[in-house]
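Chemist: here are the coordinates; sequence isn't available:
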C-alpha cells in the first residue's frame, strides 16, 4: 500500500489521519501533518458521512406578483417626428439626450425612425427632457353591437 500524501510505500500498518479536512491513509512521516484518528473514529466518520441528515425545510420567498396595472396612457401618433423636432430644437445629439435620460443612443435613434415605440416610462422621460407631450389618455372604444 502507498501513502496517499507522498506516494511512498507504507511499511507496516497505514495510519488514518485527517489532513486539511480529508481523511487519508498515510505513512508515519506524513501523519505529522494532520490529526491521527483511530480505526473506530474512522468507521464512525464513514457511517456519519453515509447517513443522510434530516433535510431542513427551506424558507420559500413569497413571489410578489406584479399588480395588474391598467394602461391608462398611450403614445401619440407621430411620436417619432415630435421627438426628433424637439431634440433638434434643443440642439442635442442622440448621445447627449441619451445621457440626459439614461438611455442608449441606439434606442433613441430607433424611436426617431419609427422602428421602435417607446414604452410609457421612456415616453415620460422624453416628455420631461424635451418638454413635449407624448402620452395621452386611452380612449375606451365600445364595439358596436348588432341587434
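Modeler: On my side now, so go ahead. Just so it is clear, the model here is predicted, and its values are computed rather than measured. Numbering: from 1, shown residues only.

Chemist: tell me, how many neighbours does the residue lying closest to residue 111 once chain neighbours are set aside end up with?
Modeler: For residue 111, ignoring the flanking residues on the chain, the nearest one in space by C-beta to C-beta, 6 or more residues apart in numbering is residue 118 at 5.4 Å. No exception for glycine: its C-beta is placed from N, CA and C like everyone else's. Residue crowding around residue 118 was assessed by other C-beta atoms under 10 Å; the count is 22.

Chemist: How is this structure divided into domains?
Modeler: 15-49, 73-137 (automatic domain parsing).

Chemist: distance between the ends of the longest one?
Modeler: It stands for domain 73-137. Using C-alpha to C-alpha, to the nearest Å, the end-to-end distance of domain 73-137 comes to 4 Å.

Chemist: Roughly how far does the nearest residue to residue 93 once chain neighbours are set aside sit from residue 12?
Modeler: If the residues on either side of it in the chain are set aside, residue 93 comes closest to residue 105, at 7.7 Å by C-beta to C-beta, 6+ apart. Distance, residue 105 to residue 12, by C-beta to C-beta, to the nearest Å: 76 Å.

Chemist: For the two, indicate the residue with more neighbours.
Modeler: Set residue 105 next to residue 12 and count neighbours by other C-beta under 10 Å: residue 105 wins out with 14 against 8.

Chemist: ok, that one touching residue 94?
Modeler: Yes. When contacts are counted by C-beta atoms under 8 Å, residue 105 is listed as touching residue 94 (3.9 Å).
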